[in-house]
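**Q** predicted coordinates and the sequence they were generated for:
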Amino acid sequence: MPHLFAICDIVGGLPNVPAVPGLGWAHHGTLGQYGAYLFVGSAAQLTALNALPNVIGLIAMTNAPDDEKRWLELDGALPTALRTRINNWLTARGRPNIPTGQTYRQVVRAIFRHFADMDPLESVFVK
């Protein structure tokens, strides 16, 4: 099942996203009214989620049957448009920006450390 690392606003302690059967999430931390999440759902659900104006999708990943190949998408370079969107969000909150040339892996780690003193890629989700 596909996964999506994302930032979204929180309402009532939950991510402010539509209730969709089969869509799940793990909350990794809170920064003001925003949360860092790992969402899980179908590719269509995650695409629709990422299209919401209150969601900043960092990276969508697929599961490979082999742990050695799981989430290889994290090694790709972050596109300029996404880096700009993330940096605008970070700047509005007085946080350091993401420099050019960063991989998705580096960006997810940096963003999630703003939310909690943990590295989501060193957790049970990614080896």
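**A** In hand now; what should we look at? Just so it is clear, the structure is predicted and the values come from calculations on it, not from any experiment. Numbers count the residues shown, from 1 in each chain.
**Q** same for the helix or strand of the chain with the lowest mean pLDDT, what does it pack against?
**A** Each helix and strand of the chain was given a mean pLDDT (mean pLDDT, DSSP states H and E); the minimum falls on helix 104-115 at a mean of 87. On a contact count with 3 or more Cβ pairs under 8 Å, 6 or more residues apart in numbering; DSSP states H and E, helix 104-115 meets strand 3-11, strand 24-31, strand 34-40, strand 55-61, helix 80-92. Just so you know, the C-beta spots here come from the backbone N, C-alpha and C atoms, and that holds for glycine as well.
**Q** identify the residues contacting stretch 26-33?
**A** Counting contacts by Cβ atoms under 8 Å, 6 or more residues apart in numbering, the residues outside stretch 26-33 that touch it are 9-10, 15, 35-38, 40, 93, 112, 114-116, 118, 120, 125.
**Q** report the two of those residues separated the most.
**A** Greatest spatial distance in the contacts of stretch 26-33: 40 and 93, 26.2 Å, computed using Cβ to Cβ.
**Q** which one's more surrounded, these two?
**A** Regarding residue 40 and residue 93, a neighbour count based on other Cβ atoms under 10 Å identifies residue 40 as having more, with 19 against 10.
**Q** now tabulate the helices and strands packed on helix 104-115 in TSV and tack on mean pLDDT.
**A** Shown next, in TSV, are these (pLDDT from 0 to 100):
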stretch	mean pLDDT
strand 3-11	94
strand 24-31	90
strand 34-40	93
strand 55-61	92
helix 80-92	93
